[in-house]
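In: heads up, no residue letters with this:
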């Protein structure tokens, strides 16, 4: 009796055929791709309808007497839409008009209930608005011009130490 395999005989392997394996992989890839597409489309649709959540919203106005002047009255407002109080805000004026870029010495201080926003005595709570109104003067030969847009930056410190900088663009009117 002879044992072993005959020459030219193949060993039989157990498992699925290569064709079925490839088809199974193709179906899995198509399924995962479709899932990612549907998820992405839902996220984009949600962002289009509700918008991107922002911790703060800001606006402002600027009044220039006449068509141009070395002084203007600026009002900036900032609403806290974050889930943490705002503990500090510093207004930074357009550098072209001010050698020192921080306006606070000039009087542009963000206030809530008539008191400057501070971490210990007057943080800005959720859904409340801080306002700064002041007469500002250029400290150079430049003039504020009616119709021109000026950008003020507000540096914000949230409870816990995280920060955000917000651009507030205002167009001067006379």
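Out: Structure's in. What do you need? These numbers were taken from a predicted model, which means no experiment stands behind them. Residues are numbered from 1 along each chain as shown.
In: count of residues packed around residue 169?
Out: Residues lying near residue 169 (other Cβ atoms under 10 Å) number 12. Yep, even glycine has a C-beta here, placed from its N, CA and C like the rest.
In: who's in contact with it?
Out: Residue 169 sits next to 60, 149, 150, 151, 152 when contact means Cβ atoms under 8 Å, 6 or more residues apart in numbering.
In: residue boundaries of the helices in the protein?
Out: 18-50 (DSSP state H).
In: Could you chop it up by domain?
Out: 15-52, 56-173 (automatic domain parsing).
In: buried sites along the first one?
Out: Of the residues in domain 15-52, none is buried by neighbour count under the rule 16 or more other Cβ atoms under 10 Å.
In: so which of the domains of the chain is the most packed in?
Out: Most buried of these by mean neighbour count (mean count of other Cβ atoms under 10 Å) is domain 56-173; its value is a mean of 16.
In: follow-up on the earlier one: please convert the domains of the chain to JSON lines, extending it with mean pLDDT.
Out: Formatted as JSON lines, the domains of the chain follow (pLDDT from 0 to 100):
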{"stretch": "domain 15-52", "mean pLDDT": "83"}
{"stretch": "domain 56-173", "mean pLDDT": "83"}
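In: Export the contacts of residue 169 to JSON lines and append columns for distance to residue 77.
Out: Listed next are the contacts of residue 169 as JSON lines, based on distance: Cβ to Cβ, whole Å:
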{"residue": "60", "distance to residue 77": "7"}
{"residue": "149", "distance to residue 77": "17"}
{"residue": "150", "distance to residue 77": "15"}
{"residue": "151", "distance to residue 77": "15"}
{"residue": "152", "distance to residue 77": "11"}
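In: Out of these, list just those in strands.
Out: 60, 149, 150, 151, 152 (DSSP state E).
In: returning to that earlier point: which of the contacts of residue 169 lies closest to residue 14?
Out: residue 151 (72.1 Å; Cβ to Cβ).
In: hey, what's that closest one bridged with?
Out: For residue 151, the residues forming beta bridges with it (DSSP bridges) are residue 169.
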